[in-house]
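Visitor: Next one to model:
(chains A, B, C and D)
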Number of protein chains: 4
Amino acid sequence: MSDSTEDCHLALDPAVRDAARQRLASIRGHVEGIVRMLEREDVYCVDVLRQLKAVDGALEKVGDTVLRSHLHHHVTSARERGDADVIVDELMEIMKYR
Amino acid sequence: MSDSTEDCHLALDPAVRDAARQRLASIRGHVEGIVRMLEREDVYCVDVLRQLKAVDGALEKVGDTVLRSHLHHHVTSARERGDADVIVDELMEIMKYR
Amino acid sequence: MSDSTEDCHLALDPAVRDAARQRLASIRGHVEGIVRMLEREDVYCVDVLRQLKAVDGALEKVGDTVLRSHLHHHVTSARERGDADVIVDELMEIMKYR
Amino acid sequence: MSDSTEDCHLALDPAVRDAARQRLASIRGHVEGIVRMLEREDVYCVDVLRQLKAVDGALEKVGDTVLRSHLHHHVTSARERGDADVIVDELMEIMKYR
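Guide: Numbering: from 1, shown residues only, chains lettered A, B, ... in the order given. So this is what the prediction gives:
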């Protein structure tokens, strides 16, 4: 019971979640476009790499909004809530690869 | 005319292109999964960030195979072909954000 | 007056600070070594790039310890302290380039 | 004998080497400044992280000039010279962590 209450507290903010979902649906379309691009025999390597970089940048923006929301709603209140150690470990694990 | 011949020379290697297409189709599925994940009211921020990182890693692997193929087939022969300046500029532009 | 109290609370943890200082002194020595390496007429580009990457990795490790300490001691208690907005903005600014 | 001739061909361009050396000497000074900064008991974590990021950006600029020179002088002529496989492997190894 306390678990589900906790989960509820740490759920992604609805407005951020909705915006992230829409952006990711658009990214999915972008990836779909690169899949079709790769069906063309004459596709140039660098054009593929440019598209991959654009997708990467778009993913990073989504990640930034989710991260900012997490910091704002959950990380800054971790001491009060009593789960600071877990919160910090998770954050370091995720940011290691950014 | 000479342009289309050039383009033909610099097309992405068919085997690499095919592998990249299959991987990207799988990445599209992964992104689709995150879109559905974001429909759940109780989704946890860090789980979203982990999935975004996984997609990022998969995109990077695709990019690595395309880049390696480009270096192998086009960049190392640029001096012979006479387009070294353009090739280097393109490469620096793409790698700036890696 | 309240400012100096605040600053005092948000100072880098002494043990982390000491370890970071020692690692950075070692990194300074590493950079010094690359400066000397660049005095050799026959130095190979890729050897320089490998050394730069090693320094980059060492800097990242120092950054990780400072960041973890900051998250642990300051970010997770920001809500209690009442400076969550500033803390989150600073963090997003720093992590943007990681 | 052929080895030393080869090494000679693949040496870093003198002008780029000189510029890189001067920039790195300046970066060494910057790192030295952070070491001193870390001697202060009241140093703020985020100020340290900002300085580390500045050093990282400066190192990246040096790396970019060395990489561009390497691509221009050595990579684009690898096919002619006959060492394309080694050149590509080295490049992929270095860029993996960028």
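
Visitor: where does chain A have low pLDDT?
Guide: Within chain A, the ranges that satisfy pLDDT under 70 run A:1-9, A:96-98.

Visitor: does the residue nearest the centre of it sit in a helix or strand, and which one?
Guide: For chain A, the residue whose C-alpha lies nearest the mean C-alpha position (C-alpha atoms, centre = their mean) is residue A:63; its distance is 3.2 Å. Element membership of residue A:63, judged by DSSP states H and E, is helix A:45-70.

Visitor: Check which residues of that helix are buried.
Guide: Using 16 or more other C-beta atoms under 10 Å in any protein chain shown as the test for burial, helix A:45-70 gives A:45-46, A:48-49, A:51-53, A:55-56, A:58-59, A:62-63, A:65-70. All C-beta spots, glycine's among them, are computed from the backbone N, C-alpha and C.

Visitor: Report the entries of those that also contact chain B.
Guide: Among the buried residues of helix A:45-70, the residues within reach of chain B (C-beta under 8 Å from any C-beta of the partner chain) are A:45-46, A:48-49, A:52-53, A:55-56, A:59, A:62-63, A:66-67, A:69-70.

Visitor: Just name the closest of those to residue C:28, please.
Guide: When those are compared for distance to residue C:28, the smallest value, 31.9 Å, is given by residue A:67; criterion: C-beta to C-beta.

Visitor: residues in contact with the nearest residue to the closest one once chain neighbours are set aside?
Guide: Leaving out its chain neighbours, the residue that sits closest to residue A:67 by C-beta to C-beta, 6 or more residues apart in numbering or on different chains is residue B:49, at 6.3 Å. The neighbourhood of residue B:49, defined by C-beta atoms under 8 Å, 6 or more residues apart in numbering or on different chains, consists of A:63, A:66-67, A:70, A:94.

Visitor: Pick the one among the residues you listed closest to chain C.
Guide: residue A:67 (7.4 Å; C-beta to the nearest C-beta).

Visitor: what sits against that closest one?
Guide: With contacts defined as C-beta under 8 Å, 6+ apart, residue A:67 is in contact with A:94, B:45, B:49, C:92, C:95.

Visitor: Now with 10 Å, please.
Guide: Contacts of residue A:67 were listed using C-beta atoms under 10 Å, 6 or more residues apart in numbering or on different chains, and they are A:60, A:75, A:91, A:94-95, A:98, B:45-46, B:48-49, B:52, C:88, C:91-92, C:95.

Visitor: picking that back up, next one: the residue nearest to residue A:67 from residue C:83, what distance?
Guide: According to C-beta to C-beta, to the nearest Å, residue B:49 stands 24 Å off from residue C:83.

Visitor: Pretty sure residue A:75 sits against residue C:92.
Guide: No: applying C-beta atoms under 10 Å, one finds residue A:75 not in contact with residue C:92, separated by 11.6 Å.

Visitor: picking up where we left off before, which one of the ones next to chain B among the buried residues of helix A:45-70 is nearest chain C?
Guide: Within those, distances to chain C taken as C-beta to the nearest C-beta reach their minimum at residue A:67, with 7.4 Å.

Visitor: Now residue A:23: closest residue in space, sequence neighbours ignored.
Guide: Distance criterion C-beta to C-beta, 6+ apart; nearest residue to residue A:23, sequence neighbours excluded, is residue A:62 at 4.9 Å.

Visitor: wait, doesn't that neighbour sit right on residue A:18?
Guide: No: Residue A:62 is beyond contact range of residue A:18, at 12.0 Å (criterion: C-beta under 10 Å).

Visitor: Common neighbours of these two, please.
Guide: When C-beta under 10 Å, 6+ apart defines a contact, the residues bordering residue A:62 and residue A:18 alike are residue B:38.

Visitor: which phi and psi does residue A:12 have?
Guide: The main-chain torsion angles of residue A:12 are listed as degrees, to the nearest 10 and equal phi -60, psi 130.

Visitor: what about it, neighbour count?
Guide: 28 (other C-beta atoms under 10 Å in any protein chain shown).

Visitor: Can you tell me how far the nearest residue to it once chain neighbours are set aside is from residue C:61?
Guide: Sequence neighbours aside, residue B:45 is the residue nearest to residue A:12 in space, at 4.8 Å (criterion: C-beta to C-beta, 6+ apart). Taking C-beta to C-beta as the criterion, residue B:45 is separated from residue C:61 by 26 Å.

Visitor: who touches the residue nearest to residue A:23 in this structure?
Guide: Contact criterion C-beta under 10 Å, 6+ apart gives A:16, A:19-24, A:26-27, B:34, B:38, B:48-49, B:52, B:55 as the residues in contact with residue A:62.

Visitor: Tell me if I'm right that residue A:89 and residue A:95 touch.
Guide: No: the criterion here is C-beta under 10 Å, and residue A:89 misses it with residue A:95 at 11.1 Å.

Visitor: So between these two, which is more surrounded?
Guide: Taking residue A:89 and residue A:95 together and counting by other C-beta under 10 Å, residue A:95 has the greater number of neighbours (18 against 13).

Visitor: how about the more buried one, what does it touch?
Guide: Residue A:95 neighbours (C-beta under 10 Å, 6+ apart): A:67, B:49, B:53, C:64, C:67-68, C:71, C:91, C:95, C:98.

Visitor: Same check on residue A:85?
Guide: Residue A:85 makes contact with A:78, C:72, C:76 under the criterion C-beta under 10 Å, 6+ apart.

Visitor: of the residues you listed, buried ones?
Guide: If you count burial by 16+ other C-beta under 10 Å, the buried members of the contacts of residue A:85 come out as A:78, C:72, C:76.

Visitor: And the first one, how close does it get to residue C:75?
Guide: Remark: distance between residue A:78 and residue C:75 (C-beta to C-beta) = 8 Å.

Visitor: which residues do these two both contact?
Guide: Taking C-beta under 10 Å, 6+ apart as the contact criterion, the residues that touch both residue A:78 and residue C:75 are A:84, A:87-88, A:91.

Visitor: and the residues you listed as CSV, adding distance to chain D, neighbour count and secondary structure?
Guide: Compiled in CSV, these are given as follows (distance: C-beta to the nearest C-beta, whole Å; neighbours: other C-beta atoms under 10 Å in any protein chain shown; DSSP: H, G, I helix; E, B strand; the rest coil):
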residue, distance to chain D, neighbour count, secondary structure
A:84, 16, 19, helix
A:87, 17, 24, helix
A:88, 13, 21, helix
A:91, 14, 26, helix
